[in-house]
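In: sequence plus the predicted model coming up.
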Amino acid sequence: MHNLAEEKYVAVTTYRKDGTPKPVPVWPVDAGDGRVGFITSSEPWKIKRIENNARVALQASDSRGRVKENTQSVAGTAEVVAGEDFVALAAKVKQKYGFKLKIINFMHALPGGRTGHRNDRGVIVTLNDH
């Protein structure tokens, strides 16, 4: 199976209470033991959806969450983490994405911006075939 943590972007699909899928792009990193992790803010709907339903799907994508051709979706179970687990994931994201992370963090800090929430949570996804 393809290692999704090596991708530049993956679409993480979470599910509304009515079952409607909602994919969003994230920066994946290796969370160890075959798991994939990413960092985010505690504010977006994706966190609320994961807290209501831990079932997710991951698929290689572009920066807008459009899935790549000839790739497969992989189901998994997501866990929202904070504290030391968040710090460890954030360090991996910083190592992998470097300057891009600085730009995103700067954009998060701008008043009135669309993405005005700073990263304070991590999500670790255990893939179903691991």
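Out: Received the coordinates, thanks. Numbering: from 1, shown residues only.

In: what pairs with the helix or strand containing residue 57, parallel or antiparallel?
Out: With secondary structure defined by DSSP states H and E, residue 57 is part of strand 55-60. The partner list of strand 55-60 in its sheet, established with DSSP bridges, is strand 10-15 (antiparallel), strand 74-81 (antiparallel).

In: list the buried residues of it.
Out: Under the neighbour-count criterion of 16 or more other C-beta atoms under 10 Å, strand 55-60 has 56, 57, 58, 59, 60 buried. C-beta: built from backbone N, CA, C; applies to glycine.

In: ok, now stretch 43-62?
Out: Within stretch 43-62, the residues that qualify as buried by neighbour count (16+ other C-beta under 10 Å) are 46, 47, 49, 50, 54, 56, 57, 58, 59, 60, 61.

In: could you export those as TSV, including pLDDT and distance to residue 80?
Out: Output for the buried residues of stretch 43-62, formatted as TSV (pLDDT from 0 to 100; distance: C-beta to C-beta, whole Å):
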residue	pLDDT	distance to residue 80
46	89	10
47	91	6
49	95	10
50	95	6
54	97	9
56	98	11
57	97	17
58	97	15
59	97	20
60	97	23
61	97	21
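
In: which of the helices and strands in this protein ranks last by mean pLDDT?
Out: When each helix and strand of the chain is scored by mean pLDDT, DSSP states H and E, helix 99-109 comes last, with a mean of 60.
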